[in-house]
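Undergrad: curious how this folds, go ahead:
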Amino acid sequence: MDIADRKLTTVFSADVQGYSRLMEADEEGTFATLKSYRDAMARLIAAQNGRVVNTWGDGLIAEFSSVVAAVRAAVDVQNELAERNAGRSDGARMQFRIGINLGDVIVDGDDIYGDGVNVAARLQAEAPAGGILISNTVYHQVRNKLPVGFEFLGNLSVKNIEEGVPSYAVRIGERSDPAAGWGRQAAETVTAPLSAMAEPSAASGLHVLGFRLDRTQATLLVIGAALVAINLVASPQVFWARWPLLVLALIGGLRWTRRTRFDRTLAALLVVGLFVTGINLASWQGEFWAVWPLLAFALAAAARWLMRKRA
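TA: Model prediction:
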């Protein structure tokens, strides 16, 4: 029995978010856009000395000998495609999801197989539209070498890997200067400098009751707990801490909407609706007046949802 050839490589996996919907709306136009976008991706991958392994459907697999080069290529790809999408209507924008993993793969001619590829594909499937997810093997190679931010997302379930794979989102921000290149763009749009980053236990914030809080939310939680303690010690007869707690909860909730994978507008409506309900309950005088603003929020959420469906 022949022993399969193996190698350690950085696998770059990408596919289109909502490809079937785009094809249903405009088959020929979508195919032309896909070809144009993949040509751009191939050019940017080659510029970082990467190699496109294969393409199928709306997907693409590439490999890099350098982990740093793979992440640079991913950021370049998302920046250029965001610029191209800026001139399109919401319903016609084609956004790619990218996953990157450093792992051992089986080599068969020009193709590669194995868990190293599967992990990259799984990361790509979990990435938001226009986003990049990387494995911990990639993170530990690039965290001090690139001017981008990272957010620890916890362990990602992957077939054939029992313990899961720690994953990170690459934070590249919004493109503000169409003429900016890799270095300038990344430096201007990162959410946190590399010097401020730490290992997952510190960078990922705090886990409470199964929820992952970022540093700001964790700070708000500590402040809230301190206010409750002060209230109970200083004036236990009157629970005045409910008002600052409501404000802190609103700030924390709006902070959550910035990093949720759900529609941010819908998430914000939910948070504000809960805030209004909290005010009603905290100042209860026998009337649930919050029902009226909640109905307005529900109508706005329904309109938003219908707009998304049409897009």
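Undergrad: which regions of the stretch 151-300 of the chain sit below the pLDDT cut-off?
TA: Applying pLDDT under 70 to the stretch 151-300 of the chain flags the ranges 159-160, 162, 173-214, 258-263.
Undergrad: again with the stretch 1-150 of the chain
TA: 1-3.
Undergrad: and the contacts of stretch 101-109?
TA: The contact list for stretch 101-109 (C-beta atoms under 8 Å, 6 or more residues apart in numbering) reads 4-11, 13, 63, 67, 112-117, 119-120, 123, 134-135, 137-138, 141, 165. Where you see a C-beta, it was placed from the backbone N, CA and C, and this is true even at glycine.
Undergrad: what about L269, how many residues nearby?
TA: 20 (other C-beta atoms under 10 Å).
Undergrad: tell me the contacts of it?
TA: 297, 300-301, 304.
Undergrad: pull out the buried residues from the contacts of stretch 101-109.
TA: Among these, those classed as buried by 16 or more other C-beta atoms under 10 Å are 9-11, 13, 63, 67, 112, 114-117, 119-120, 123, 134-135, 137-138, 141, 165.
Undergrad: D76 contacts G50, correct?
TA: No. Counting by C-beta atoms under 8 Å, D76 sits too far from G50 to count as a contact (10.7 Å).
Undergrad: centroid-wise, who is the farthest residue in the chain?
TA: Centroid-distance maximum for the chain: Q237 at 44.9 Å, with C-alpha atoms, centre = their mean.
Undergrad: next, it: secondary structure please.
TA: coil (DSSP: H, G, I helix; E, B strand; the rest coil).
Undergrad: any idea how far it lies from N231?
TA: Going from Q237 to N231 by C-beta to C-beta, to the nearest Å gives 10 Å.
Undergrad: check which element follows the strand or helix carrying E80 along the chain.
TA: Using DSSP states H and E, E80 falls within helix 67-85. Next helix or strand after helix 67-85 toward the C-terminus (DSSP H and E): strand 96-108.
Undergrad: and the next helix or strand after that next one, what does it pack onto?
TA: Going down the chain from strand 96-108, the next helix or strand is strand 111-113, by DSSP H and E. Packing partners of strand 111-113 (3 or more C-beta pairs under 8 Å, 6 or more residues apart in numbering; DSSP states H and E): strand 51-56, strand 96-108.
Undergrad: reformat the ones you listed as TSV; add distance to L248.
TA: Formatted as TSV, those follow (distance: least, C-beta to C-beta, whole Å):
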stretch	distance to L248
strand 51-56	49
strand 96-108	34
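Undergrad: mean neighbour count, those strands: which tops it?
TA: Highest mean neighbour count of these: strand 96-108, a mean of 22 (counted as mean count of other C-beta atoms under 10 Å).
Undergrad: which parts of the protein are strands?
TA: 5-16, 51-56, 59-64, 96-108, 111-113, 132-135, 149-158, 161-171, 206-208, 211-213 (DSSP state E).
Undergrad: do you know which of those strands lies nearest G278?
TA: Nearest to G278 among the strands of the chain is strand 211-213 (17.8 Å), distances taken as C-beta to C-beta.
Undergrad: how close does I106 get to T9?
TA: For I106, the distance to T9 - C-beta to C-beta - is 11 Å.
Undergrad: can you list residues touching both of those two?
TA: Common contacts of I106 and T9 (C-beta under 8 Å, 6+ apart): I112.
Undergrad: pick the one among the contacts of L269 closest to L81.
TA: R304 (24.5 Å).
Undergrad: what's the closest non-adjacent residue to that closest one?
TA: Leaving aside its sequence neighbours, R304 sits nearest to T265 (C-beta to C-beta, 6 or more residues apart in numbering; 5.2 Å).
Undergrad: and for R88?
TA: Per C-beta to C-beta, 6+ apart, closest to R88 is M94, 7.9 Å.
Undergrad: pretty sure that neighbour sits against T30.
TA: Yes. Using C-beta under 8 Å, M94 is in contact with T30, at 7.3 Å.
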